[in-house]
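**Q** Provided below for reference: sequence and predicted model.
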Amino acid sequence: MTYVRGVTKRLGSTQALRGVDLELRPGVTGLLGPNGAGKTTLMRILATVLAADEGTVDLLGRDPRDPRERTEIRRQLGYMPQEPGFHARFTAFEFLDYVAILKEHTDRRARHDEVRRVLARVGLAEVGAKKTRALSGGMRRRLALAQALLGDPRLLILDEPTAGLDPEQRLRFRELVSELAEDRAILVSTHQTEDVAALCPRVVVLAEGRVLESGTPETLVSHAQGRVWAAAERDPGAVIAWRGADGRQRQVGTPPADAQLVEPTLEDGYLLLLEEHACAAA
Ligand SMILES: Nc1ncnc2c1ncn2[C@@H]1O[C@H](COP(=O)(O)OP(=O)(O)OP(=O)(O)O)[C@@H](O)[C@H]1O
């Protein structure tokens, strides 16, 4: 079991987290939130890179404030940061071997086997000898995931893993994450609401360092039930509207009485939840 309760974190003059509660169970949990919401800060706390200022952090039943327990957590944890910072002169294999050494894989032969396993797991078996700087953007994302998979961790923290991927690669990533989720807890932050709708049985929405909602994708969609409609022209109650492929305005907000309602998506629910939050704050 992994959870945080009442976690706060200040970074410079910014209060990045203001009392966050989150529970991770086996399977994928999606973490949504606008830029600056605190997603990366929260993930770095879960990855033991940062310590919380206040609150409880329990990672796989252990306390990261205790140095010995922290080491034990790190053995069972994989973290894919937004920008892993590859050493340009390393080959993909050498980079993973280096990370594996840092993760205390001391036996050379077993370590090399493990590097080959994770390379194959992310579909990079053929490019182990390539320099990291020669890899495509999509391959670099996969290499970043491969390093998180070293040691077959029970907890995976993935910070925007699909950023910059083309649609096919995104679907492949989805496939891989859903396979990995069968026997571990995974937290995935993303700006792609379709990824959350397709992949995550649980979703947490963070804004301004607070959890706005924690539930299923359906709960998020339900915010937009009865609030998405189509019409020839834009209505005054629309928070957002655009002309769709059918030539009609698809609108989200407060529909007129005779509106022709359409099925909302998770994106609509997310948008309206943020909108309600912004109105309440104002
Ligand atoms: N080292 C730092 N010093 C000061 N402020 C910081 C630092 N790192 C992050 N912040 C601020 O803390 C807040 C939360 O940042 P964080 O990176 O966690 O957000 P995020 O949800 O991951 O955003 P994004 O979606 O853009 O990656 C932001 O206002 C950010 O500017």
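**A** All right, it came through fine.

**Q** and Arg142, what does it touch?
**A** For Arg142, the contact set (CB atoms under 8 Å, 6 or more residues apart in numbering) comprises 122-124, 173. For the C-beta atoms, the positions are set from N, CA and C on the backbone; glycine is no exception.

**Q** if we go to 6 Å?
**A** Arg142 is in contact with 122, 124, counting by CB atoms under 6 Å, 6 or more residues apart in numbering.

**Q** Helix, strand, or coil at it?
**A** Secondary structure assignment for Arg142 (DSSP: H, G, I helix; E, B strand; the rest coil): helix.

**Q** Tell me the pLDDT of it.
**A** On pLDDT, Arg142 comes in at 91.

**Q** Make residue 1 into 8 and carry on from there
**A** In the new numbering, first residue 8, that becomes Arg149.

**Q** And it, how far from the ligand?
**A** Distance of Arg149 to the ligand, given as CB to the nearest ligand atom, to the nearest Å: 20 Å.

**Q** Give me the phi and psi for the spatially most central residue of the chain.
**A** By CA atoms, centre = their mean, the chain has its centre lying nearest to Ser196, at 1.6 Å. Phi and psi for Ser196, reported as degrees, to the nearest 10, are phi -90, psi 150.

**Q** Just to check, it is in contact with Thr47?
**A** No: contact criterion CB atoms under 6 Å: Ser196 and Thr47 do not qualify, at 7.3 Å.

**Q** list the residues that contact both of the two?
**A** The contact sets of Ser196 and Thr47 overlap at Asp166 (CB under 6 Å, 6+ apart).

**Q** what secondary structure does Leu227 sit in?
**A** Applying three-state DSSP: Leu227 is helix.

**Q** what about the residue nearest to the centre of the chain, distance to Glu189?
**A** 21 Å (CB to CB, to the nearest Å).

**Q** Likewise for Glu283?
**A** With CB to CB as the criterion, Glu283 and Glu189 are 35 Å apart.

**Q** now swap in Pro91 and tell me
**A** When Pro91 is compared with Glu189 (using CB to CB), they lie 25 Å apart.

**Q** Comparing those two, which residue is more hemmed in?
**A** A count of neighbours by other CB atoms under 10 Å puts Pro91 above the other of Pro91 and Glu189, at 18 against 8.

**Q** And the pLDDT for the more buried one?
**A** pLDDT, Pro91: 75.

**Q** contacting residues for the residue lying closest to Arg32 once chain neighbours are set aside?
**A** Using CB to CB, 6 or more residues apart in numbering and skipping the chain neighbours, the partner closest in space to Arg32 is Ala192 (6.1 Å). Residues counted as contacts of Ala192 (CB under 6 Å, 6+ apart) are 31, 33, 162.

**Q** same question, Leu273
**A** For Leu273, counting by CB under 6 Å, 6+ apart, the contacting residues are 200, 204, 224, 227-228.

**Q** before we move on, back to that, and of the contacts of Ala192, the nearest to the ligand?
**A** Leu31 (17.4 Å; CB to the nearest ligand atom).

**Q** give me phi/psi at that closest one?
**A** For Leu31, the backbone dihedrals (degrees, to the nearest 10) come out as phi -110, psi 120.
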